[in-house]
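[1] My questions are about this predicted structure, shown below with the sequence.
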Amino acid sequence: MSTLMSNTAIYSVESNRPATTKQIYAVGNHFGRLYDAKNSWKFGKVFGAILLKHQQEHKNTPITHGDIQNYFKAEKVPAKFVNQISLKTPEKKEKKVVVEKTITKNDNKKIEALEKKLATLDAKLEIIMAYIQADPEA
């Protein structure tokens with residue numbers, strides 16, 4: 001016989017061994033698909049958390065490999081896990097738009113610079129207009 005284990009040896013786990021976290025999450029995803037196929041990703045996480053909480057609370061009688069096999073065979077989520085679901089929908093908050101325009105010292109400097117440029121342009125425009133009016137044909 002080769003040094004590698006056969007597939008049957010890999011999967012022949014004693015049914016009284018405690019379930020691993022990976023197995024618990026797999027069952028949670030299975031329960032999520034059974035509970036609501038459309039939102040299975042959400043409920044898979046919820047049931048995974050419920051199962052882990054159950055595992056933590058019942059350390060004397062943990063979920064075993066045999067239980068995992070039975071849960072995978074189940075066509076309906078056990079009521080003791082469904083009763084623990086409490087989904088809270090977030091309340092929609094109204095967004096208040098508050099527009100406050102405060103003028104800072106930097107804004108005042110920008111305004112003064114623009115006013116100086118405008119005054120310079122006005123003076124140049126007056127010179128050009130005076131030149132055009134004095135000698136229109138030049």
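    Yep, it's here.
[2] how close does the most centrally placed residue in the chain sit to G48?
    Nearest residue to the geometric centre of the chain (CA atoms, centre = their mean): K42, 11.8 Å. Distance, K42 to G48, using CB to CB, to the nearest Å: 11 Å. Bear in mind the C-beta positions are built from the backbone N, C-alpha and C, glycine included.
[3] In a helix, S15, correct?
    No. Using DSSP: H, G, I helix; E, B strand; the rest coil, the assignment for S15 is coil, not a helix.
[4] For the residue nearest to the centre of the chain, which non-adjacent residue is closest in space?
    Distances taken as CB to CB, 6 or more residues apart in numbering place G32 nearest to K42, at 7.2 Å, with adjacent residues excluded.
[5] got the CA positions of the helix or strand encompassing the one you found in CSV?
    Assessed by DSSP states H and E, G32 sits inside helix 21-35. The C-alpha trace of helix 21-35 is given here as CSV (Å, rounded to 0.1, in the frame of the first residue of the first chain):
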residue,chain,number,x,y,z
THR,A,21,-14.9,26.0,12.4
LYS,A,22,-14.7,25.4,8.7
GLN,A,23,-17.4,22.7,9.0
ILE,A,24,-19.6,25.0,11.0
TYR,A,25,-19.3,27.8,8.4
ALA,A,26,-20.1,25.3,5.7
VAL,A,27,-23.3,24.3,7.5
GLY,A,28,-24.1,28.0,8.0
ASN,A,29,-23.9,28.5,4.3
HIS,A,30,-26.0,25.5,3.7
PHE,A,31,-28.6,26.8,6.1
GLY,A,32,-28.5,30.2,4.4
ARG,A,33,-29.3,28.6,1.1
LEU,A,34,-32.2,26.7,2.7
TYR,A,35,-33.5,29.7,4.5
